[in-house]
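model this:
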Amino acid sequence: WSFRKTAGLATPGIPYGGWEGTDSELRGHFVGHYMSASALMWASTHNNTVYAKMNAVIDALYECQLKIGTGYLSAFPSEFFDRFENIEPVWAPYYTIHKIMEGLLDQYIFAGNTRALAMSVNMANYFNKRVQRVIKKFTIERHWHSLNEETGGMN
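A predicted model of the protein is given here:
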């Protein structure tokens, strides 16, 4: 739901609550965990139902990434990274992105989903450009300082 909202797509149904709630800055990380878990489950069982469900998730996320058009994919807006880069309070955006990218990579590694790999590469390219802009605008030290504000993310 939140991925679709961030992408500007229709949001049928009811969003999850808790950490995945629309008011949570950590929303989206659960999907990453699901993608990792389902890839491992499929690799050990080759269950067709699991395979179909995990591919449906990848296809839905792919639609969101295409709509955004920059390689970005998340359940929260990219403005969370503006706050992060300005050393303003925000709850672990890189941690969440790491979980999403890891889930996509697990879908590729354990289930052979090449679309998931391409999506992860698109995300990496987006964040590479974003970090390069921060370094150019400020300094590499400033980028390191912002990473110190979020341990456990992609640092």
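
Can you pull the poorly scored residue ranges out of this structure?
Residue ranges of the chain with pLDDT under 70: 151-155.

can you map out the helices along it?
Assigned by DSSP state H, the chain shows helices spanning 2-7, 29-45, 48-68, 79-85, 93-111, 114-137, 140-148.

Reformat the ones you listed as a markdown table; add distance to residue 19.
For glycine as for every other residue, the C-beta is placed from the backbone atoms N, C-alpha and C. Shown next, in a markdown table, are the helices of the chain (distance: least, CB to CB, whole Å):
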| stretch | distance to residue 19 |
| --- | --- |
| helix 2-7 | 11 |
| helix 29-45 | 7 |
| helix 48-68 | 18 |
| helix 79-85 | 15 |
| helix 93-111 | 10 |
| helix 114-137 | 21 |
| helix 140-148 | 22 |
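
what's the closest of these to residue 18?
Between residue 18 and the helices of the chain, the shortest gap by CB to CB is with helix 29-45, which sits at 8.8 Å.

Output the contacting helices and strands for that closest one.
Counting contacts by 3 or more CB pairs under 8 Å, 6 or more residues apart in numbering; DSSP states H and E, helix 29-45 is packed against helix 48-68, helix 93-111.

Give me whichever of those helices is most buried.
Highest mean neighbour count of the helices and strands packed on helix 29-45: helix 93-111, a mean of 22 (counted as mean count of other CB atoms under 10 Å).

what angle do that helix and helix 48-68 make?
Here helix 93-111 runs at an angle of 130 degrees relative to helix 48-68 (axes from the mean of the first three to the mean of the last three CA atoms, to 10 degrees).

Could you export helix 93-111 as PDB, CA atoms only?
Presented in PDB, the C-alpha positions along helix 93-111 are these (Å, rounded to 0.1, in the frame of the first residue of the first chain):
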ATOM      1  CA  PRO A  93      15.900   5.400   6.000                       C
ATOM      2  CA  TYR A  94      19.100   3.600   4.900                       C
ATOM      3  CA  TYR A  95      18.300   0.600   7.200                       C
ATOM      4  CA  THR A  96      14.900   0.300   5.400                       C
ATOM      5  CA  ILE A  97      16.500   0.600   1.900                       C
ATOM      6  CA  HIS A  98      19.100  -2.000   2.900                       C
ATOM      7  CA  LYS A  99      16.300  -4.400   3.800                       C
ATOM      8  CA  ILE A 100      14.500  -3.800   0.500                       C
ATOM      9  CA  MET A 101      17.700  -4.200  -1.500                       C
ATOM     10  CA  GLU A 102      18.700  -7.300   0.400                       C
ATOM     11  CA  GLY A 103      15.300  -8.900  -0.200                       C
ATOM     12  CA  LEU A 104      15.500  -8.200  -3.900                       C
ATOM     13  CA  LEU A 105      19.000  -9.700  -4.000                       C
ATOM     14  CA  ASP A 106      17.800 -12.800  -2.200                       C
ATOM     15  CA  GLN A 107      15.100 -13.200  -4.700                       C
ATOM     16  CA  TYR A 108      17.700 -13.200  -7.400                       C
ATOM     17  CA  ILE A 109      20.300 -15.400  -5.600                       C
ATOM     18  CA  PHE A 110      17.900 -18.000  -4.300                       C
ATOM     19  CA  ALA A 111      15.100 -17.900  -6.800                       C
END
